[in-house]
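*Asks:* Predicted structure and sequence below. I'll ask about it afterward.
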Protein chains: 2
Amino acid sequence: MGKREINRDEKRQLIVTTARHLMQLRDVSDFSMRTLAEVAGVSSATPYALFGSKQAVIAAVMDNDFADFMAALTAEPNRGFDVFFSLVDVTAALFEKNPSYYRTGAQAIQATTDQTLSSHFSLPRHGLLKDLVSDAIERGEICHQINPDSLALNLGHQFYGWIQAWAKGNITLPDMVARAQYGLGLGLAAVATEASRAQLLEQVVAIQATLPEAGVLKTKPTPNKKQEAVS
Amino acid sequence: MGKREINRDEKRQLIVTTARHLMQLRDVSDFSMRTLAEVAGVSSATPYALFGSKQAVIAAVMDNDFADFMAALTAEPNRGFDVFFSLVDVTAALFEKNPSYYRTGAQAIQATTDQTLSSHFSLPRHGLLKDLVSDAIERGEICHQINPDSLALNLGHQFYGWIQAWAKGNITLPDMVARAQYGLGLGLAAVATEASRAQLLEQVVAIQATLPEAGVLKTKPTPNKKQEAVS
DNA sequence: GGTCTAACTAAAACACGTTTTAGTTTTGTT
DNA sequence: AACAAAACTAAAACGTGTTTTAGTTAGACC
């Protein structure tokens, strides 16, 4: 690797680090490319040259975190269906440590129209879920007619949606956990073999008791701040 | 109602009609407030005075459609769990008639941070689902421990997510139907009473066979057109 | 009829993401 | 050392959504 590539990678790293830093600043949920460039001591054209878009920068920032996530997850003992539930717990624990950071990240992923970017994110996460489902099938907890790919996609989709709801500020973090686990529990109970099903449904009903009514939205004064762009 | 209010309502209607018209123009998936104002023959400040934001304008446009939706839905005979599946079919049929229109609408709903707006949409739709679930419980198709509110919220959330995936161009319309029905089928199968469960699972497995692999994304060249704003 | 006021207009302005242009370094190669 | 190519910079520009300002119009009320 020539010095050319080294320098470029260093600059990429600099931008990513700066972006991460800006994303972590609370009360400044959004940072502009102009300030990013300024803080990084770089021309505002450079991030575009190196990444292509603001979303790609944020994507690069969040890329480093999947490893952390996997580590945190595999640290937990995973017996039976509990892996799926702790998947949610682990995620929420991460979010709680650094809300504005993950909020910004989630929103960026969601806002992107770039398929490369979004699949860059979803694929490894989908792979993880798919493996968990496959394991459960092998253990005989999920009936074998189920295609791991399809089920994992569905579970991941639900989870992702609740994360987005949290990122948008529509639900609180505990709510996100409850709703996601409720959804995962339902999806799993549907395909669970008879032995595991009853207990799973019990869990679901228990979670259900903690869920707030729909329509009771978080009362946020909505300070009528500048609206986001639409399209 | 004095002439003042009448005029204001007429102008509101004019803007909504124009906006709907612009949203329906294919190949112009996004319209700007400037062109909206120009076409409507109105100052570009007026829509902001009357609605507050672009999203609110689009929201007002889509508001007229819930009635159509309900009509299309209740036209179908609804036996058992099929209501839920035809809910998806009816929606897809509407989308097919006017893709760019619904795409723009869905994206606007999704992009809004205004809780008033988003609940303005989700609430009536949630109410519909909740009623369907309640009916199913009364008919003894869903076990009575289930809270209609929670289940309906989960089903609606899944459906909504797949609609968004379609609106973003990540999946095709038939895919959206299959994935949404797969998800609804799962959710229902989980809580179905024994009598209905077996048949529901059969349906789910049948749908599963039609689902494409995850990760096989719609190959769209991504012409690197101007990116959307992030935050 | 005269005046007050809300509604509207036109136009400029702001901040943003992004692109373009033109000039300047820095690096690899001959 | 000289050159070519790539990387980077600074600054302007474009098109957004949105807000502001100042001025005009039209209904309401005495």
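*Replies:* Structure received.

*Asks:* Distance-wise, check residue A:115 relative to residue A:105.
*Replies:* Noted for residue A:115: a distance of 18 Å to residue A:105, by CB to CB, to the nearest Å. Backbone N, C-alpha and C define where each C-beta goes, glycine included.

*Asks:* Looking at these two, which is more packed in?
*Replies:* Taking residue A:115 and residue A:105 together and counting by other CB atoms under 10 Å in any protein chain shown, residue A:105 has the greater number of neighbours (21 against 17).

*Asks:* Next, the contact list for the more buried one, please.
*Replies:* A:23, A:58, A:61, A:62 (CB atoms under 8 Å, 6 or more residues apart in numbering or on different chains).

*Asks:* Counting neighbours, what do you get for the residue nearest to residue A:108 when sequence neighbours are not counted?
*Replies:* Distance criterion CB to CB, 6 or more residues apart in numbering or on different chains; nearest residue to residue A:108, sequence neighbours excluded, is residue A:58 at 3.9 Å. Neighbour count for residue A:58, taken as other CB under 10 Å: 27.

*Asks:* In terms of secondary structure, what does the helix or strand containing residue A:58 contact?
*Replies:* With secondary structure defined by DSSP states H and E, residue A:58 is part of helix A:54-63. Helix A:54-63 sits against helix A:3-24, helix A:33-40, helix A:99-111, helix A:115-138, with contacts defined as 3 or more CB pairs under 8 Å, 6 or more residues apart in numbering or on different chains; DSSP states H and E.

*Asks:* and it, how far out from the chain's middle?
*Replies:* 13 Å (CA atoms, centre = their mean, to the nearest Å).

*Asks:* can you tell me the average pLDDT over the helix or strand that it is followed by?
*Replies:* Counting by DSSP H and E, the next helix or strand C-terminal to helix A:54-63 is helix A:65-75. The pLDDT scores in helix A:65-75 average 77.

*Asks:* does chain B sit close to the helix or strand following helix A:65-75?
*Replies:* Downstream of helix A:65-75, the first helix or strand assigned by DSSP H and E is helix A:82-97. No. Helix A:82-97 stays clear of chain B (CB under 8 Å from any CB of the partner chain), getting no nearer than 13.5 Å.

*Asks:* list the helices and strands helix A:82-97 packs on?
*Replies:* By 3+ CB pairs under 8 Å, 6+ apart, helix A:82-97 packs against helix A:65-75, helix A:115-138, helix A:148-167, helix A:173-191.

*Asks:* ok, back up a step: residues of the helix holding residue A:58 that come out buried?
*Replies:* A:54, A:55, A:56, A:57, A:58, A:59, A:60, A:61, A:62 (16 or more other CB atoms under 10 Å in any protein chain shown).

*Asks:* With pLDDT and distance to residue B:45 added, can I get the residues you listed in TSV?
*Replies:* Supplementary listing: the buried residues of helix A:54-63 in TSV, determined by pLDDT from 0 to 100; distance: CB to CB, whole Å:
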residue	pLDDT	distance to residue B:45
A:54	89	29
A:55	87	31
A:56	87	35
A:57	89	34
A:58	88	33
A:59	85	37
A:60	87	39
A:61	87	38
A:62	85	39
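
*Asks:* for the nearest residue to residue A:165 once chain neighbours are set aside, helix, strand, or coil?
*Replies:* Of all residues not flanking residue A:165 in the chain, residue A:171 sits nearest, at 4.9 Å (CB to CB, 6+ apart). Under the three-state scheme (DSSP: H, G, I helix; E, B strand; the rest coil), residue A:171 adopts coil.

*Asks:* these two touch, right, residue A:171 and residue A:161?
*Replies:* No. With contact defined as CB atoms under 8 Å, residue A:171 does not reach residue A:161; the gap is 10.8 Å.

*Asks:* Of the helices and strands packed on helix A:82-97, which is nearest residue B:191?
*Replies:* Between residue B:191 and the helices and strands packed on helix A:82-97, the shortest gap by CB to CB is with helix A:173-191, which sits at 7.0 Å.

*Asks:* Tell me the helix or strand right after that closest one.
*Replies:* As assigned by DSSP H and E, the chain's next helix or strand after helix A:173-191 is helix A:194-210.

*Asks:* can you tell me if that next one touches chain B.
*Replies:* Yes. Applying CB under 8 Å from any CB, one finds helix A:194-210 touching chain B at A:201, A:204, A:205, A:208.

*Asks:* mind checking the SS state of the nearest residue to the third one once chain neighbours are set aside?
*Replies:* On the basis of CB to CB, 6+ apart, the spatially nearest residue to residue A:205 that is not a chain neighbour turns out to be residue B:145, at 5.1 Å. Using three-state DSSP as the criterion, the local structure at residue B:145 reads coil.

*Asks:* Tally up the residues packed near residue B:145, please.
*Replies:* By other CB under 10 Å, the residues close to residue B:145 number 13.

*Asks:* do the same with residue A:207
*Replies:* Look at residue A:207: counted by other CB under 10 Å, it has 21 neighbours.

*Asks:* In this structure residue A:130 contacts residue A:150, no?
*Replies:* No. Counting by CB under 8 Å, residue A:130 stays clear of residue A:150, with 9.6 Å between them.

*Asks:* higher neighbour count, those two?
*Replies:* Neighbour count, other CB under 10 Å: between residue A:130 and residue A:150, residue A:150 has more, with 26 against 21.

*Asks:* DNA strand D versus that one, what's the distance?
*Replies:* 37 Å (CB to the nearest atom of the strand, to the nearest Å).

*Asks:* Now do the same contact list for that residue.
*Replies:* Neighbour list for residue A:150: B:182, B:208, B:211, B:214 [criterion: CB under 8 Å, 6+ apart].

*Asks:* got the buried residues for the helix or strand bottoming out on mean pLDDT in chain A?
*Replies:* Here the helix or strand of chain A ranked lowest by mean pLDDT, DSSP states H and E is helix A:65-75, holding a mean of 77. Going by neighbour count (16+ other CB under 10 Å), the buried part of helix A:65-75 is A:69, A:73.

*Asks:* swap in stretch A:200-208?
*Replies:* Quick answer for stretch A:200-208 (16+ other CB under 10 Å): A:200, A:201, A:203, A:204, A:205, A:207, A:208.

*Asks:* what do you get for stretch A:133-144?
*Replies:* A:133, A:134, A:136, A:137, A:141, A:142.

*Asks:* The residue nearest to residue A:108 contacts residue A:22, doesn't it?
*Replies:* No. Taking contacts as CB under 8 Å, residue A:58 lies outside contact range of residue A:22: 10.1 Å.

*Asks:* Now render the buried residues of stretch A:133-144 as a markdown table, adding pLDDT.
*Replies:* Supplementary listing: those in a markdown table, determined by pLDDT from 0 to 100:
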| residue | pLDDT |
| --- | --- |
| A:133 | 94 |
| A:134 | 94 |
| A:136 | 92 |
| A:137 | 93 |
| A:141 | 92 |
| A:142 | 93 |
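
*Asks:* Give the members of those residues that are also in contact with chain B.
*Replies:* Among those, chain B is touched by none when using CB under 8 Å from any CB.

*Asks:* give me phi/psi at residue A:212?
*Replies:* phi -80, psi 160 (degrees, to the nearest 10).
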